[in-house]
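K.L.:
With the input below, show me the fold.
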Amino acid sequence: MGTVSHAGPAVSRALCALDSACPSRNFSIVIRALLLLLALALPASAQSNGSATRPVSGSFNGDQAIRGESAFKAFCASCHEPTFHTGEQFRFSWYGRTLYDYFRTVKTTMPEDNPGGLSDDDYVRVITYIMKLNGFTPGADSLTSDSLALKRIRIGDSTRSP
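P.N.:
Residues are numbered from 1 along each chain as shown. Model (predicted):
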């Protein structure tokens, strides 16, 4: 194979790609493996850097839930009983999902005759009232319509206070 070295770098690379003992081929495999591991590790590190979920209980305050009841009566009660948003159906539909999912669904579908017609604050108030109806306890924090914050709050049994 003495003539291969005179054939040029392209031919040398092609022959090396076929040879499992070729150092540059082994290096290429190692680099690809490291890139794959890095790609797999990024979602895990992103999850541990501030995007951890928190419980619904304590993520809103009592005043918001009281104002939410008033908003529910003003904007929702003509079509929905409070019990429509509680119990097994609520758990089946929403447990395991985020408050952002719930906020987005309510905002884009309600009120039926004017979806998105309320202020974000009114939607948040109604949601805090519904969360309270489902046994989630108010705390000191004030819930906002910030999508990143809402995405970190998960609805479910593990988020209920004892």
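K.L.:
can we go C-alpha only for contacts and neighbour counts from here?
P.N.:
Noted.
K.L.:
So residue 66 sits against residue 129, correct?
P.N.:
Yes: the pair formed by residue 66 and residue 129 meets the contact definition of CA atoms under 8 Å, at 6.9 Å.
K.L.:
more crowded one of those two?
P.N.:
The neighbour count for residue 66 versus residue 129, taken as other CA atoms under 10 Å, is higher for residue 129 (26 against 16).
K.L.:
quick one, what contacts the more buried one?
P.N.:
For residue 129, the set of contacting residues under the criterion of CA atoms under 8 Å, 6 or more residues apart in numbering consists of 64-69, 72.
K.L.:
so which helix or strand takes in the nearest residue to it once chain neighbours are set aside?
P.N.:
In space, not counting the residues next to it along the chain, residue 129 is nearest to residue 65; the distance is 4.3 Å by CA to CA, 6 or more residues apart in numbering. Using DSSP states H and E, the element containing residue 65 is helix 62-75.
K.L.:
low pLDDT regions in this structure?
P.N.:
1-51, 157-162 (pLDDT under 70).
K.L.:
at 80 instead, please
P.N.:
Scanning the chain for pLDDT under 80 picks out the ranges 1-52, 157-162.
K.L.:
Show which residues not belonging to the helix or strand where residue 92 lies make contact with it.
P.N.:
Counting by DSSP H and E, the element that carries residue 92 is helix 87-94. Counting by CA under 8 Å, 6+ apart, helix 87-94 makes contact with 102, 134, 155-156, all of which sit outside it.
K.L.:
and with 10 Å instead?
P.N.:
Outside of helix 87-94, the residues that reach it under the criterion CA atoms under 10 Å, 6 or more residues apart in numbering are 83-85, 95, 97, 101-102, 130, 133-135, 154-157.
K.L.:
top of these by neighbour count?
P.N.:
Across the contacts of helix 87-94, the neighbour count under other CA under 10 Å reaches its highest value at residue 155, namely 25 neighbours.
K.L.:
how about the helices of this protein, start to end?
P.N.:
Using DSSP state H, the helices of the chain run over residues 9-18, 23-48, 62-75, 87-94, 99-109, 120-133, 147-151.
K.L.:
Perfect, I'm done here.
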